[in-house]
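>>> build me a model:
(chains A, B, C and D)
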There are 2 protein chains.
Amino acid sequence: MAEKKRATIADVAKLAGVSITTVSRVMNKNYPVKEETRQKVEKAIEELEFKPNLLARGLIHNKTQTIGILTPSIENLFFSQVVKGIDSIIKNKGYTTFLCNTEGDPQQEKLMIGNMKDRSVDGIIAINPRTNNIKSGYYELISKQIPLVIINGYNKGIRCNYVLNDGEVGTLEALRYLYDEGHRDIAFLRGLHSYSYDVKENIYKEFCKDNKIMFSEDDVLVIKDGNGLEAVEQSKATVENMLKKKDKITAIFACNDWMAVGALNAAKALKISVPDRFSIIGFDNTIISQITEPSLTTVDQNMTGLGQTAGKRICEIIKEKDKENRKIIIETKLIIRDSVNVISE
Amino acid sequence: MAEKKRATIADVAKLAGVSITTVSRVMNKNYPVKEETRQKVEKAIEELEFKPNLLARGLIHNKTQTIGILTPSIENLFFSQVVKGIDSIIKNKGYTTFLCNTEGDPQQEKLMIGNMKDRSVDGIIAINPRTNNIKSGYYELISKQIPLVIINGYNKGIRCNYVLNDGEVGTLEALRYLYDEGHRDIAFLRGLHSYSYDVKENIYKEFCKDNKIMFSEDDVLVIKDGNGLEAVEQSKATVENMLKKKDKITAIFACNDWMAVGALNAAKALKISVPDRFSIIGFDNTIISQITEPSLTTVDQNMTGLGQTAGKRICEIIKEKDKENRKIIIETKLIIRDSVNVISE
DNA sequence: TTGTACGCGTTATCAC
DNA sequence: GTGATAACGCGTACAA
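Residues are numbered from 1 along each chain as shown, chains lettered A, B, ... in the order given. A predicted model of the protein is given here:
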């Protein structure tokens, strides 16, 4: 019940019989202090359990030892993994993370970034931000005000720091794998708004043309929320609908593992055997892909690496080691499991 | 490149030709201001895109409109769901959330709470904190310094605000279900350190005694990290090991869905059919339980409700509407799916 | 209705 | 080596 008030630097100074300046010096070790006084001060600090008020510090330096992370969904294991990667790097550098959920809403995204700026975070990492906010120049503007790294978002001509998985190569490799196994009627499943979906769709269309695969616009299936848990339900409905109409489709490429799960559930609901009659390939290689039955063939995008790289990068930018913007690409890797079958003509 | 500095209240005052006090009054609407001056000030605010510095404000009030959330893992869909529930409530009240990951480490837990206090958060919600930190009185102490709500943690005699799922009833219902289906040899799978595991284990042991079920200590399987993704691997290894040794076990109760998945994988690895020869029951009702094959029978603990309730509670405490500590229990519900089979004698 | 001046807890600058 | 004192940006008694 004592409800002790938190000690301030002044309390410490009084107890130690020195000035607050000296206390500050002992704490920050930035100026020489006589060993004897140092001891006195340290004792007082310990006794009062003094911890400096970060707000007051922040007010002076405009630094708070905090990094803000923006994610469209914490329900997607992809993001958890990326965040874990970021954390692992910046924790060691004395930063704390400040995680914000946007639900993939572009307005929320801006609002949250405002919140972060208000709280004087030292830097921001935005994971899979909305394409429009990049294109419109919004992020470029922010980037000039505060250190910023964008993970899995990009737009030509927009000057920002990017860390991206190699969605082009990953998608291509997956499609080629399907092709080599004999598939010629491949559908494509994506969410509405994200750079990474756009990249994949472009590759898909190019691939079809290059390989003289016939495809119509309704082979591109689009669900509203790609990142959250809703993706499963929405994908199921969409794919089920497609499977009923177009029975010549033999395979589907889904832009993430949740969507792939939805596709799998659709097939199951229609008693279409996977992979015997319908092949599915996912993206991300979250643990989900190992759990389904059959387990999902998918593209590993090294989520931890993505996070770690972004973590390192933001620290560099904060320390101004590197004022240039950079675009760092992380390699992907096809993980072959059981959801794709050979087609014999 | 203009790198405009953020406007301060003084800039606004100057531009509007008034004192900073007046600007402050316009912003906070706490004192009457002549309509005409108000207009001038509002115009200036808009023009300079002025937003008050929350650090400065926080320094005065010791309030930052921020709520800290502590979670042992963001990889577990259970926590994502709870956090979403919290968010949905407190966003509307003008708070921002500050999510911290402890990896279930008791030291990290304290460290993170320190971080939050340093940043003058207005309140803290701790999800599934380590039992020892509650028992030791640590959380009771924190609770005196700062508004605190504990989700799924509890200890007799420790005065805190709690929001709990009814683990007793949920576990009992699940065990009774297994019993009614004919199971008499039931193993129990838990993680090492958490109140919710302790509750369930107690119920399990009581249940066995009450129903004259023989059980030995090695029917209680314990893995190290219950909350993270590692739980899947660890559970698989542990359960596989058990299944090899004790073939009379016909069912297992797992303390969360990830562990249940691990148990499922173990059975698959040994080509033991689920549920024909081995039944599994999980806990949480995360989406995972719908995805596995067979889908998991599990206990829904209303994760969103848990989060929402905690969100409301923390707001009440902050506003000091209610100085009494309370313990709020959220109901659970058995969800019957396909991972449990009837045993015929 | 408006303005002055001080305080919040720290760090940095300049004296001593 | 050490200590006053002015910042940082805002809110608020108090005075006018």
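>>> show me where chain A has strands.
A:66-71, A:96-101, A:123-127, A:148-151, A:161-165, A:186-191, A:220-223, A:251-254, A:279-281, A:298-300, A:327-330, A:333-335 (DSSP state E).
>>> burial measure for the residue of the stretch 101-250 of chain A found nearest DNA strand C, as a count.
Residue of the stretch 101-250 of chain A nearest DNA strand C, by CB to the nearest atom of the strand: residue A:120 (12.5 Å). Just so you know, the C-beta spots here come from the backbone N, C-alpha and C atoms, and that holds for glycine as well. Residues lying near residue A:120 (other CB atoms under 10 Å in any protein chain shown) number 21.
>>> over to residue A:194?
22.
>>> leaving out chain neighbours, which residue sits closest to it?
residue A:128 (5.5 Å; CB to CB, 6 or more residues apart in numbering or on different chains).
>>> residue contacts, that neighbour?
The contact partners of residue A:128, by CB atoms under 8 Å, 6 or more residues apart in numbering or on different chains, come to A:71-72, A:79, A:151-153, A:194-196, A:227.
>>> before we move on, what about residue A:196?
For residue A:196, the contacting residues are A:128, A:152-153, A:165, A:167, A:255, by CB under 8 Å, 6+ apart.
>>> please list which of those residues are also close to DNA strand C.
The subset of the contacts of residue A:196 within reach of DNA strand C, counting by CB under 7 Å from any atom of the strand, is empty.
>>> spell out which parts of the stretch 51-200 of chain A neighbour chain B.
Counting by CB under 8 Å from any CB of the partner chain, the stretch 51-200 of chain A comes close to chain B at A:51-56, A:58-59, A:64, A:66, A:74-75, A:77, A:80-81, A:83-84, A:87, A:96-101, A:112, A:114-115, A:117-120, A:144-145.
>>> can you give me the helices in chain A?
A:9-16, A:20-28, A:35-48, A:54-61, A:77-90, A:106-118, A:131-135, A:138-145, A:167-180, A:195-210, A:230-245, A:257-269, A:288-291, A:303-318 (DSSP state H).
>>> next, format those as JSON lines and append mean pLDDT.
Output for the helices of chain A, formatted as JSON lines (pLDDT from 0 to 100):
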{"stretch": "helix A:9-16", "mean pLDDT": "93"}
{"stretch": "helix A:20-28", "mean pLDDT": "94"}
{"stretch": "helix A:35-48", "mean pLDDT": "93"}
{"stretch": "helix A:54-61", "mean pLDDT": "92"}
{"stretch": "helix A:77-90", "mean pLDDT": "93"}
{"stretch": "helix A:106-118", "mean pLDDT": "92"}
{"stretch": "helix A:131-135", "mean pLDDT": "96"}
{"stretch": "helix A:138-145", "mean pLDDT": "94"}
{"stretch": "helix A:167-180", "mean pLDDT": "97"}
{"stretch": "helix A:195-210", "mean pLDDT": "95"}
{"stretch": "helix A:230-245", "mean pLDDT": "96"}
{"stretch": "helix A:257-269", "mean pLDDT": "96"}
{"stretch": "helix A:288-291", "mean pLDDT": "92"}
{"stretch": "helix A:303-318", "mean pLDDT": "96"}
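>>> using PDB, write out every CA atom in stretch A:336-345.
As requested, the backbone C-alpha atoms of stretch A:336-345 are provided in PDB (Å, rounded to 0.1, in the frame of the first residue of the first chain):
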ATOM      1  CA  ILE A 336       8.300 -30.100 -52.100                       C
ATOM      2  CA  ARG A 337       5.800 -32.000 -50.000                       C
ATOM      3  CA  ASP A 338       2.700 -33.900 -50.900                       C
ATOM      4  CA  SER A 339       0.100 -31.600 -52.400                       C
ATOM      5  CA  VAL A 340       1.300 -31.800 -56.000                       C
ATOM      6  CA  ASN A 341       0.900 -34.700 -58.300                       C
ATOM      7  CA  VAL A 342       2.300 -35.700 -61.700                       C
ATOM      8  CA  ILE A 343      -0.200 -35.500 -64.500                       C
ATOM      9  CA  SER A 344       0.100 -38.200 -67.200                       C
ATOM     10  CA  GLU A 345      -1.400 -37.200 -70.500                       C
END
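>>> so is that stretch next to chain B?
No. In terms of CB under 8 Å from any CB, no part of stretch A:336-345 sits within range of chain B; the closest distance is 12.0 Å.
>>> related to what we said a few turns ago, output the strands of chain A as TSV; include the columns mean pLDDT, distance to residue A:34 and mean neighbour count.
TSV is the format used below for the strands of chain A (pLDDT from 0 to 100; distance: least, CB to CB, whole Å; neighbours: other CB atoms under 10 Å in any protein chain shown):
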stretch	mean pLDDT	distance to residue A:34	mean neighbour count
strand A:66-71	94	34	26
strand A:96-101	88	33	24
strand A:123-127	97	37	26
strand A:148-151	98	44	28
strand A:161-165	97	45	24
strand A:186-191	97	63	25
strand A:220-223	96	68	18
strand A:251-254	98	67	29
strand A:279-281	98	69	29
strand A:298-300	98	57	25
strand A:327-330	97	48	15
strand A:333-335	98	59	16
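>>> next, format the ones you listed as TSV and append distance to residue B:5.
Below are those laid out as TSV (distance: least, CB to CB, whole Å):
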stretch	distance to residue B:5
strand A:66-71	20
strand A:96-101	23
strand A:123-127	18
strand A:148-151	18
strand A:161-165	22
strand A:186-191	39
strand A:220-223	43
strand A:251-254	47
strand A:279-281	50
strand A:298-300	44
strand A:327-330	29
strand A:333-335	46
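>>> ok, the residue nearest the centre of chain A to residue A:68 distance?
Geometric centre of chain A, nearest residue: residue A:127, 3.5 Å, by CA atoms, centre = their mean. Remark: distance between residue A:127 and residue A:68 (CB to CB, to the nearest Å) = 11 Å.
>>> how about residue A:60?
Separation of residue A:60 from residue A:68 (CB to CB) stands at 20 Å.
>>> likewise for residue A:157?
Applying CB to CB, the value for residue A:157 to residue A:68 is 25 Å.
>>> OK, contacts around residue A:208?
Counting by CB under 8 Å, 6+ apart, residue A:208 touches A:186, A:214-215.
>>> do residue A:27 as well
Counting by CB under 8 Å, 6+ apart, residue A:27 makes contact with A:45, A:52.
>>> change it to 6 Å
Contacts of residue A:27 were listed using CB atoms under 6 Å, 6 or more residues apart in numbering or on different chains, and none were found.
>>> ok, now residue A:285?
Counting by CB under 6 Å, 6+ apart, residue A:285 makes contact with A:298, A:300, A:335.
>>> up against DNA strand D, what does chain A have?
Residues of chain A lying near DNA strand D (CB under 7 Å from any atom of the strand): A:18-22, A:25, A:31-34, A:36-38, A:56, A:59-60.
>>> any idea which of those has the most stuff around it?
That'd be residue A:22 among the residues of chain A next to DNA strand D, by other CB under 10 Å, with 21 neighbours.
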